[in-house]
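Colleague: next one to model:
(chains A and B)
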Amino acid sequence: MYKFYNIKYINENNKKILNKIIIIKGWVKYFRNNYFLEINDGSTIKNLQVIIKNKNIKKKKIRIGIPLKIIGKLIKTNNGIEVNAYKIKIYGKIDKDFFNKSILQNKFHSRSKLRQQLSLRFRTNLFNCIIKIRHFLFIKIHNYLNLKKFIYINTPIINKNNAEGAGEVFKITTLNLLDIDKKSKVNCKKDLFKCKANLTVSGQLEVESAMYGLGKVYTFGPVFRADNSNTKKHLSEFWMLEPEIMFYKLKDIIKLSVNLIKYLIKGTLKNCKEELDYLDQYNKKYNNCKDLINRLKNIINKKYIKISYNKTIKLLNNYNKNIINWGDDIGSEHEKILFNIVFPYEIPIIIYNYPKKIKPFYMKLNKDKITTKSIDILFPSIGEIIGGSERETSYNKLLDRIKKLKINIKNIMWYINLRKLGEIPHSGFGLGFDRLVQYITGMNNIRDIIPYPIYPGHIF
RNA sequence: UCCUCAAUAGCUCAUCUGGUAGAGCAUCUGACUGUUAAUCAGAAGGUAGCUGGUUCGAAUCCAGCUUGAGGAGCCA
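Modeller: Residues are numbered from 1 along each chain as shown, chains lettered A, B, ... in the order given. The predicted structure follows:
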């Protein structure tokens, strides 16, 4: 007969239900003075205070962490709104030893500590905010591309091509690995797929073939890299958005990617205020990022720096002679110089026309035949979030390039053959979703912005 | 994978050059009708990451391993 409300709703609409008897359900976040409960139900990080005046309510079993159903009157006091409890139902009991060893006790826990208890991490305010922003960005990406008439393509997670140049692959097999060790010879023909198979490192080649039929497409899913990289910006399993668009040139994908980023950040600032405010405070206290919200506002209002690879090398060498040679990839040392000294404005840098020798085979060459029609978008403190290019359209040129790079042609013949039906100009890019979430939440470590981080030595 | 640093109570950290292991919070018992990381009184809690070595004696010195943090490379 009484109505149930979640705490976010009660906080935002309390005028409508003030002085009514309501039901709330959640767990105890704080219990003070044997009298004041703070209840959280995950809908918001702003807890609802419940007071226990009724002497018939047994308080013995109530402790921090316990789930409760509370029937009470929503009242207004000097401290805001709270619920005067008439009746409390307790669900189960708390294992004291387990609780005491868990990250749920009301203390500050380091993020590496939180990571040791992944399944409990969701109850923390920090993770509540991060996951909600992650969710919001995920939805908004689909939203934006849908508005722009893109079609979402589900590209396979298991495949046999390895999109050359995108890192190490995880091999998958149904064969008994112990047998393989003994004989030291693998007969792939006996495997389930009758060939070598791996987890995808990128859906790009597949999404390109969808582009030939549908025009504007994207894939957005988990991709896998078996590199042994132990850094704060790498995962073995991460999420990548890869749009691919017919008749788009380099300038068009620059525009698309910049507009998408600005749309996402603008939306987050508008719709995730509570979460960003919390993260702003958290970052001020515990992270290097001292002004999260203004940093994000800055990024939606300003024009990004756009500079060619050649010019970047010149600028770096002007700063410090022989710090980089033409043809080298731009490393994190160079990124630091670019963001701290050359362009110290806390805005992304778009670098275009990279040399072909540090970019994959499918990128279209410029007229100089040594650089590609490619871009990387670098973000301050994170590095590369987006990499993209115009794709090679000519069958002969593509084949020529593949032969020179000695890439195994067999598994990607279907991709090369797409060029046998005419030379359609097209472009696309890959956006590292987790790195974007990392940037927007201001977190130091990419392992703290994904529910279950998978990285060397760590699997859930 | 490489380099640097670290590992002491459930958590955060003390223990100074080797000499009996300490605090705050959390936990437990009790008190408390306006607290908000409540407070007060009391109790309990440790083979100092693991394995060796040096020494009369090791949390402390040395070696190897494990785990974590920061940086590098690979990349998104």
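
Colleague: touching RNA strand B at all, stretch A:452-460?
Modeller: Yes: shown here: stretch A:452-460 in contact with RNA strand B (C-beta under 7 Å from any atom of the strand) through A:456-458. Every C-beta, even on glycine, is put in place using the N, C-alpha and C of the backbone.

Colleague: and these, which are buried?
Modeller: Buried by 16 or more other C-beta atoms under 10 Å: nothing, out of the residues of stretch A:452-460 next to RNA strand B.

Colleague: for residue A:122, state which of those is nearest.
Modeller: residue A:458 (17.5 Å; C-beta to C-beta).

Colleague: I'd like the distance between that closest one and residue A:293.
Modeller: Counting by C-beta to C-beta, to the nearest Å, the gap from residue A:458 to residue A:293 is 31 Å.

Colleague: what number of residues lie near the residue of the stretch 251-400 of chain A found nearest RNA strand B?
Modeller: Nearest to RNA strand B, among the residues of the stretch 251-400 of chain A, is residue A:331, at 2.9 Å (C-beta to the nearest atom of the strand). Neighbour count of residue A:331, defined by other C-beta atoms under 10 Å: 11.

Colleague: give me the number of residues near the nearest residue to it once chain neighbours are set aside?
Modeller: Leaving aside its sequence neighbours, residue A:331 sits nearest to residue A:324 (C-beta to C-beta, 6 or more residues apart in numbering; 7.9 Å). A count of nearby residues for residue A:324, using other C-beta under 10 Å, gives 19.

Colleague: pLDDT weak spots in chain A?
Modeller: Along chain A, the parts satisfying pLDDT under 70 run over A:163-165, A:178-185.

Colleague: go with 80
Modeller: A:106-107, A:161-167, A:176-187, A:287-290 (pLDDT under 80).

Colleague: can you list the domains in it?
Modeller: Listed domain ranges for chain A are A:3-94, A:123-304+A:347-448 (source: automatic domain parsing).

Colleague: how far does the first one sit from its chain's centre?
Modeller: Offset of domain A:3-94 from its chain centre (C-alpha atoms, centre = their mean, to the nearest Å): 34 Å.

Colleague: do the longest one as well
Modeller: Counting by C-alpha atoms, centre = their mean, domain A:123-304+A:347-448 is centred 11 Å from the centre of its parent chain.

Colleague: show me what secondary structure element comes after the helix or strand residue A:88 falls within.
Modeller: For residue A:88, the host element (DSSP states H and E) is strand A:80-90. Going down the chain from strand A:80-90, the next helix or strand is helix A:96-100, by DSSP H and E.

Colleague: touching the following helix or strand past that next one from outside, list them.
Modeller: Under the assignment DSSP H and E, the closest C-terminal helix or strand after helix A:96-100 is helix A:111-115. Outside of helix A:111-115, the residues within contact range by C-beta atoms under 8 Å, 6 or more residues apart in numbering are A:103, A:121, A:124, A:126-127, A:443-445, A:447-448, A:453.
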